[in-house]
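Trainee: A predicted structure for the sequence below; I have some questions about it.
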Amino acid sequence: MQLDDSDGALDSWARFCALSGELVGGAGDLSVGPRLAPVVADLCARGLATLVRDYFLHNLEETFRNNAVRMFWQKFHPYSSSSAVERIKFCVQESWPEDVLSAALEDICLEKSYQEKCVLVLAHALQSYEEKAQNRKLKAVECSSSLMPRYQLMVSSVLLTTLPLSFPEILNVYFKKKLEELNTMVDASDENDQLVSHELFGQSNVSAWDSKMDIDSQEKVISESCTLVKNIGKVVRDFRCLGFTSMTEDSYSSAIIWLLKSKVYELAGDDYRIPVLGSVKKWIQVVPLQFLHALLTYLGDSVDYDSGLSGLKSPLASRPSSFPGIGVPSQALLRWHMRLEYFAYETLQDLRIGKLFEIIVDYPESSPAIEDLKQCLEYTGQHSKLVDSFISSLRYRLLTAGASTNDILHQYVSTIKALRSIDPTGVFLEAVGEPIRDYLRGRKDTIKCIVTMLTDGSGGNTSGGNAGDNLLEELNRDAENQENADYDDHTNIDEKQAWLNSESWEPDPVEADPLKGSRSRRKIDILGLMVSIIGSKDQLVNEYRVMLAEKLLSKSDFDIDSDIRTLELLKIHFGESSMQKCEIMLNDLIDSKRTNSNIKTSLLNAPGTVAGQEEAEISHDVLDATIISSNFWPPIQTEDLAVPASVDKLLSNFAQRFHQIKTPRKLLWKKNLGTVKLELQFEDRSMQFTVVPVQAAIIMRFQEKPSWTSKALATEIGIPVDSLNRRIGFWTSKSESSLV
């Protein structure tokens, strides 16, 4: 009896193997199904259900591997086996890899579809036996329910284990080219037809993709874009069926991110005068989100908020409730929107941080780029990246021996203004500014350059320098703001203002120095930061006095309006007592102008002045004296100088008249200071020069005789020979005199 059972089992197994081979290897003939069912039932009754399932799947696997899979990968072999240069040639072909992918997917999906039908035939036979066994209350192994999942797993395993290394690259190329094509269509539509962007993707329901889309035949661009998205969706769906869900999503995600990055670089470029963040965010809604909405809808992945089991509203509902042409977005689309916006913020942020040095050089013209960067940092929170990158740029590009102190100060002022726009609390300015301040403290001319920026405006900048202008503007604004503001920390404010201040309060960033309160940071101004470089305001005031003295003593007129304005601004910041001596110096110039006018008038009206004036005498009209209160001026270096007799007499007459008017005050001439305007007459021309007194004394001696020895001329003028040789270089360079 046992022998008969064994023979029956072997006979059933042989018939099952034959029928399985006929079914799996057949050319679309599923007629063996009715004959297969009783054989499967007999084998299952003998406890061989698991063996039946595994053998059948193994048979399918071998057939699928040897036929469909081998042919599928063979279509991509030309690309996989080519060199890097040859692969570029493939990529530039207009129809590659779309044609290859379409043909390969069509063949393998047909084979898979037939095998799925074969699986259903066996699953039906197994299910029939299981139902009968259940009715008879017999114990049976359930294999029908696991058959199709096992088959799908087998398909994915076979494809992934035989996957060429270059295939993900092929997918990336495909999606990049398709998205570029779609972006080109949208751009062309915006430029030529002015179509609403969301119309390019048709309606937002599944039927719009599956059947007859209601699109006007005259809207060619709309039709082409809808067809394009539908073709992409078909490729994605087919790859999903083959088990390439993750790889496919990664590929079109990478393509979208790549296109977004390219768009950010295209819009941003090196033009910092135009804001680009708004345009990038708008483009995200016009192209990637519209594409993803259409794709997810086509694939059936669109999910509403209310589809959750809990009935609670998703946290994503706080995002925009609708997008142009989409209506209420799905959670998947909202996640994509957040992801794309974050990547756009991060990409633009990194681009602007990398060019922050150039952006600050162009500030304030580059204010739009600074505003974009501020918004990006608020979204990403990557402020430390800005600090580290900018400090590195400063050390390699600005804080070097080749950079002039004026240029460094100019960049520092622009940095202060720009970073204040990004971070009004001044936290990042503290971090970024410290290396600049440390470096400037080591330069000997820092104080002088700062004062020059305050007094001259240009700061000695050869490029036209507006750093000083910007500094004076800042001082001016501070002066105007202080007229109606009280800077006392304990000022009483009314209850309403206190409430408003409390509502607008924000904690300091985590990068803030805990030793410096936010209130002190808010009160820092540009001049205050300049003083922090020097160390104390006294040093700056003293240097300002010295430079102001040099400037006033070198003036050929008494125009000091700009100096008075600068002094008034400095008095606001440093106090009147600190600037008292400087104020006296300017008052000396004002008094000098009035005294000169009185003395000239008295000399002109003096009896016999005109009639008795000798022909060789110099007119008193050419003399303007700067009369200073020496106790309030910084020490002035003087040296002996013998001026021509006519000049000496002019000075004596002027001093005598001054003593008469200002009794008992007397003038003590510092003949080496001041400026002299000369006009030299030659045979064919005349030339005018503005020189210092010693240079004028040298050339005037040549009126007495045409040639001098260095020693004789030095003795005549009353200066050392080496000093004469240095000073006479001015005239020898003009080739207007010669020495024996």
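Mentor: Perfect, I can see it now.

Trainee: for the residue positioned nearest the centre of the chain, give me its contacts.
Mentor: Nearest to the mean C-alpha position of the chain, counting by Cα atoms, centre = their mean, stands residue 352 at 1.2 Å. Residue 352 makes contact with 268, 359, 369, 372-373, 376, according to Cβ atoms under 8 Å, 6 or more residues apart in numbering. Glycine gets a C-beta too; all of them are placed from N, C-alpha and C.

Trainee: so how far is residue 386 from it?
Mentor: Counting by Cβ to Cβ, to the nearest Å, the gap from residue 352 to residue 386 is 9 Å.

Trainee: hey, what's in contact with both of the two?
Mentor: residue 373.

Trainee: what about the closest residue to residue 630 other than its chain neighbours, which SS state?
Mentor: Spatial nearest neighbour of residue 630, excluding adjacent residues (Cβ to Cβ, 6 or more residues apart in numbering): residue 636 at 7.6 Å. Here residue 636 is recorded as coil under DSSP: H, G, I helix; E, B strand; the rest coil.

Trainee: was I right to think residue 636 contacts residue 673?
Mentor: Yes: because the distance of 7.0 Å satisfies Cβ atoms under 8 Å, residue 636 is recorded as touching residue 673.

Trainee: the two: which is more packed in?
Mentor: residue 673 (18 against 14; other Cβ atoms under 10 Å).

Trainee: on that earlier part again, what sits in contact with each of residue 636 and residue 673?
Mentor: Joint contacts of residue 636 and residue 673 (Cβ under 8 Å, 6+ apart) are residue 553.

Trainee: what about residue 251, how many neighbours?
Mentor: Neighbours around residue 251, by other Cβ under 10 Å: 23.

Trainee: equivalent analysis for residue 382, please.
Mentor: Counted with other Cβ under 10 Å, residue 382 comes out at 15.

Trainee: phi, psi of it?
Mentor: Per-residue torsions, residue 382: phi -90, psi 50 (degrees, to the nearest 10).

Trainee: what sits closest to it if chain neighbours are left out?
Mentor: Leaving out its chain neighbours, the residue that sits closest to residue 382 by Cβ to Cβ, 6+ apart is residue 349, at 6.6 Å.

Trainee: quick one: contacts for that neighbour?
Mentor: Residue 349 neighbours (Cβ under 8 Å, 6+ apart): 373, 376-377, 380, 382, 385.

Trainee: could you dump the residues you listed into CSV with distance to residue 168 and secondary structure added?
Mentor: Output for those, formatted as CSV (distance: Cβ to Cβ, whole Å; DSSP: H, G, I helix; E, B strand; the rest coil):
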residue, distance to residue 168, secondary structure
373, 34, helix
376, 31, helix
377, 34, helix
380, 29, helix
382, 29, coil
385, 30, helix
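
Trainee: what are the phi and psi values at residue 76?
Mentor: When read as degrees, to the nearest 10, the backbone of residue 76 gives phi -100, psi 0.

Trainee: so it touches residue 168, yeah?
Mentor: No: with contact defined as Cβ under 8 Å, residue 76 does not reach residue 168; the gap is 11.4 Å.

Trainee: please, which helix or strand holds the residue nearest to residue 382?
Mentor: helix 331-354 (DSSP states H and E).

Trainee: check which helices and strands the next helix or strand after that helix sits against.
Mentor: Once helix 331-354 ends, the next helix or strand along the chain (criterion: DSSP H and E) is helix 356-361. Judged by 3 or more Cβ pairs under 8 Å, 6 or more residues apart in numbering; DSSP states H and E, the packing partners of helix 356-361 are helix 367-380, helix 383-397, helix 405-422.

Trainee: so of the ones you listed, which one's packed in deepest?
Mentor: Among the helices and strands packed on helix 356-361, judged by mean count of other Cβ atoms under 10 Å, the one packed with the most neighbours on average is helix 405-422 (a mean of 22).

Trainee: now find how far off-centre the next helix or strand after it is within its chain.
Mentor: Following helix 405-422 in sequence order, the next helix or strand is helix 427-441 (DSSP H and E). Relative to the centre of its chain, helix 427-441 is centred 20 Å away, using Cα atoms, centre = their mean, to the nearest Å.

Trainee: what is the mean pLDDT for the helix or strand just after helix 427-441?
Mentor: Toward the C-terminus, helix 427-441 is succeeded by helix 446-456 as the next helix or strand (DSSP H and E). For helix 446-456, mean pLDDT rounds to 82.

Trainee: low pLDDT regions in this structure?
Mentor: 1-5, 26-29, 94, 135-144, 189-222, 301-327, 457-524, 606-617, 620, 735-740 (pLDDT under 70).

Trainee: what segments of the chain are strands?
Mentor: Applying DSSP state E to the chain gives strands spanning 676-681, 686-691.
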